[in-house]
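Asker: Give me coordinates for this.
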Amino acid sequence: MNKGFTLIELLVIVMIIAILAAIAWPQYQLAIDESRWSTMLPGAKSLKEAQERIWMTSSSYANSVDMLDITMPGTITDNQVVSSGITYTLLNNGEEHLITVTHNNIPGVILDIYLEKSNNFPHETHCEALTSSTRATRLCEQLVGDKIGTKGDYTVYVLDGSGNGTLDD
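Answerer: Got it, this is the predicted structure:
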């Protein structure tokens, strides 16, 4: 009597493994993206707090990272800090004052932290997901973001705040 597996039995095992992998991979990717997202938050929080301190002393927000009373690791160029694949940008256009953060390994996702004196979305945190990216959308939704609209090619989710403001397309 021959011992071993038939071709059909091997195919069934391979098929079961493939199905399990297809189900598990998106969840694994989401867990990795959430972990990367969490690495963006400490630097963003530090910049936000430094901006609010600048506001208290001068009634205006800084346009340059060099004007802040903190030291950020990485490469600093005027209103931007790039550190470990994370880019922090100070944005002040007269109406909106915010910190925008992106991570090289989370494509299509933007973290926006609006400052307290911003005329638009004051003191709110948003996750922007590239509308065409299922991966980006899943991350913002997983972060318990409520969809508030679109901004260009991005769907905007409010993570903290009311979401009452104007999204410019």
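
Asker: For the protein, just list every one of the helices.
Answerer: In the chain, the segments counted as helices under DSSP state H are 7-58, 134-142.

Asker: distance of the nearest residue to Ile13 once chain neighbours are set aside from Ala31?
Answerer: Counting by C-beta to C-beta, 6 or more residues apart in numbering, Ile13 lies nearest to Phe5, which is 8.0 Å off, once chain neighbours are set aside. Backbone N, C-alpha and C define where each C-beta goes, glycine included. According to C-beta to C-beta, to the nearest Å, Phe5 and Ala31 sit 34 Å apart.

Asker: Report the contact partners of Ala31.
Answerer: Under the criterion of C-beta atoms under 8 Å, 6 or more residues apart in numbering, Ala31 has no neighbours.

Asker: if you set the cut-off to 10 Å instead, what comes out?
Answerer: When contacts are counted by C-beta atoms under 10 Å, 6 or more residues apart in numbering, Ala31 touches Gln142.

Asker: contacting residues around the nearest residue to Glu116 once chain neighbours are set aside?
Answerer: Among residues not flanking Glu116 along the chain, His123 sits closest, at 5.0 Å (C-beta to C-beta, 6+ apart). Residues in contact with His123 (C-beta under 10 Å, 6+ apart) are Lys48, Glu52, Ile113, Tyr114, Leu115, Glu116, Lys117, Asp160, Gly161, Ser162.
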